[in-house]
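**Q** got a structure for you, letters missing:
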């Protein structure tokens, strides 16, 4: 007996495979706990570091007029020119050589006094009683006697204006209990400031043989500073104590009523001296500090600072042959800076970094968050240049964020590097990479739908990979 059997239509293998895979995945998906279904899919890993720039392969900026050390013809042992806000070194002559600084040493004492006042540990009106060590000081002095009493401000002016060794030691002993302990503070501050060659033997800059024998340190090393370290010290003074010029610009000061003559400022380059016949030839526009020095070992030294049209420069010359030449050499250095350079803002706050425009966000209403830098960036550049010859290195702290995220949250850093051809060091400025907007957390339903969407995306990707 014949049976009427309908022929079986075989489904293509692709359709059977697809149905089986879909059935298997749907069955598996139905078993996923609700909490797992709401989990945010892990975004693809992103690179956390790159180097990119609109001028990545650009050559360093060049000066239209390259003066340089050789053409300046400096007659000193060492010299340096620095712009304090960027730390850019614009000119350098043996600037890392450790040399005796003479009374430029007192700038560290000045810094510490101002720091102690800022911290509330003493005031300008605090009374200081002079001890034996200070009264025995030699060299530049105001002839303090043991037991004399003066305010911190009076002694500070005698130190800053007249380079008085006895006033300097009196302040040091009051702050630390002894000059020896104060010197420890000086050397500690030097390390914190990144002064690589600095060593202080006393508060004044005197040679050890010129200190009172009873109070000479056991360590026979003499005070040394490089021109570079001296410039760093001045940088800290002008940035942390911007009122420094209240004292450094004093031309004369009557320390005691009975004194036959006032203390005369040893800085001949003060701008105010343009009206003083003896100093008119040395007066320099905008110069308001900082400190001179002289010993037989150091010869003549001078750390100067001047400001013109909002640009401040710091110059240091060491080992000049005469008192006058330390100022004429300083003029050459400062003129070079003011004639050839300017500070220019080259990047605006809020700028976007190529390759780091956004960052993935877990569990957010939006799945990515825009990024930007938090601060503007300025460099010392050759005059009339655009300052665009910089490179950029960006780095993320994490490859993703999890909502909620506040606007302004730091997510990484961006370092800009800028180089001027013929100038010693490369300028670097590091700013934070931040969230440019707020990232709110998504609701559970949105996260659920997003998980389903991701599931099917993974499903069809798996099928695609089979073929």
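**A** Arrived safely, thanks for sending. Because the structure is predicted, anything quoted here is derived from the model rather than measured.

**Q** which parts of the stretch 251-400 of the chain are helices?
**A** 323-340 (DSSP state H, counting those that start in this stretch).

**Q** any weak-confidence spans in it?
**A** Residues of the stretch 251-400 of the chain meeting the criterion pLDDT under 70: 364.

**Q** swap the cut-off to 90 and go again
**A** 343-344, 361-369, 380, 383-390, 398-400 (pLDDT under 90).

**Q** now the stretch 101-250 of the chain
**A** In the stretch 101-250 of the chain (pLDDT under 90), no residue qualifies.

**Q** that one: helices as residue ranges?
**A** 106-118, 132-135, 152-162, 165-176, 179-192, 227-240, 245-248.

**Q** could you dump the ones you listed to a markdown table with distance to residue 419 and mean neighbour count?
**A** Bear in mind the C-beta positions are built from the backbone N, C-alpha and C, glycine included. Compiled in a markdown table, those are given as follows (distance: least, CB to CB, whole Å; neighbours: other CB atoms under 10 Å):
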| stretch | distance to residue 419 | mean neighbour count |
| --- | --- | --- |
| helix 106-118 | 30 | 21 |
| helix 132-135 | 48 | 21 |
| helix 152-162 | 37 | 23 |
| helix 165-176 | 40 | 27 |
| helix 179-192 | 28 | 17 |
| helix 227-240 | 18 | 23 |
| helix 245-248 | 32 | 17 |
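
**Q** output those helices in CSV; the columns should cover distance to residue 281.
**A** Converted to CSV, these look like this (distance: least, CB to CB, whole Å):
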stretch, distance to residue 281
helix 106-118, 25
helix 132-135, 36
helix 152-162, 21
helix 165-176, 29
helix 179-192, 35
helix 227-240, 24
helix 245-248, 20
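
**Q** figure out which of these is closest to residue 304.
**A** With CB to CB as the measure, helix 227-240 is the member of those nearest residue 304 (8.6 Å).

**Q** tilt between that closest one and helix 179-192?
**A** Here helix 227-240 runs at an angle of 90 degrees relative to helix 179-192 (axes from the mean of the first three to the mean of the last three CA atoms, to 10 degrees).

**Q** tilt between helix 227-240 and helix 106-118?
**A** Using the same axes, to 10 degrees: helix 227-240 against helix 106-118 is 20 degrees.

**Q** just checking, what packs against helix 227-240?
**A** strand 78-83, strand 88-93, helix 106-118, strand 287-295, strand 299-308, strand 311-320 (3 or more CB pairs under 8 Å, 6 or more residues apart in numbering; DSSP states H and E).

**Q** which stretch among the ones you listed comes nearest residue 168?
**A** helix 106-118 (5.4 Å).

**Q** tell me what the closest one is packed against?
**A** Judged by 3+ CB pairs under 8 Å, 6+ apart, the packing partners of helix 106-118 are helix 152-162, helix 165-176, helix 179-192, helix 227-240, strand 287-295.

**Q** go again with 6 Å.
**A** helix 152-162, helix 165-176 (3 or more CB pairs under 6 Å, 6 or more residues apart in numbering; DSSP states H and E).

**Q** can you tell me what sits against the shortest one?
**A** Read it as helix 152-162. 106, 110, 113, 122, 124, 126, 128, 142, 164, 167-168, 170-171, 247-248, 250, 253, 255, 263, 265 (CB atoms under 6 Å, 6 or more residues apart in numbering).

**Q** one more: stretch 278-293?
**A** So stretch 278-293 is contacted by 101-104, 107, 234, 245, 248-249, 266-269, 271, 273-274, 301-303, 305-308, 327 (CB under 6 Å, 6+ apart).

**Q** can I get the helices and strands packed on helix 106-118 in JSON lines with distance to residue 415?
**A** What follows is these, written out as JSON lines (distance: least, CB to CB, whole Å):
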{"stretch": "helix 152-162", "distance to residue 415": "38"}
{"stretch": "helix 165-176", "distance to residue 415": "38"}
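
**Q** so which of those helices is nearest residue 88?
**A** Using CB to CB, the nearest of the helices and strands packed on helix 106-118 to residue 88 is helix 152-162, at 26.8 Å.

**Q** what angle sits between that closest one and helix 106-118?
**A** 160 degrees.

**Q** centre of the chain to helix 152-162, how far?
**A** 29 Å (CA atoms, centre = their mean, to the nearest Å).

**Q** residues contacting residue 368?
**A** So residue 368 contacts 358, 360-361 (CB under 6 Å, 6+ apart).

**Q** one more time with 10 Å, if that's ok
**A** 43, 357-361, 400-401, 439 (CB atoms under 10 Å, 6 or more residues apart in numbering).

**Q** same question, residue 190
**A** By CB under 10 Å, 6+ apart, the neighbours of residue 190 are 108, 196-200, 225, 229, 232-233.

**Q** how near is it to residue 134?
**A** As judged by CB to CB, to the nearest Å, residue 190 and residue 134 stand 23 Å apart.

**Q** go on, residue 251?
**A** From residue 251 to residue 134 the distance is 25 Å (CB to CB).
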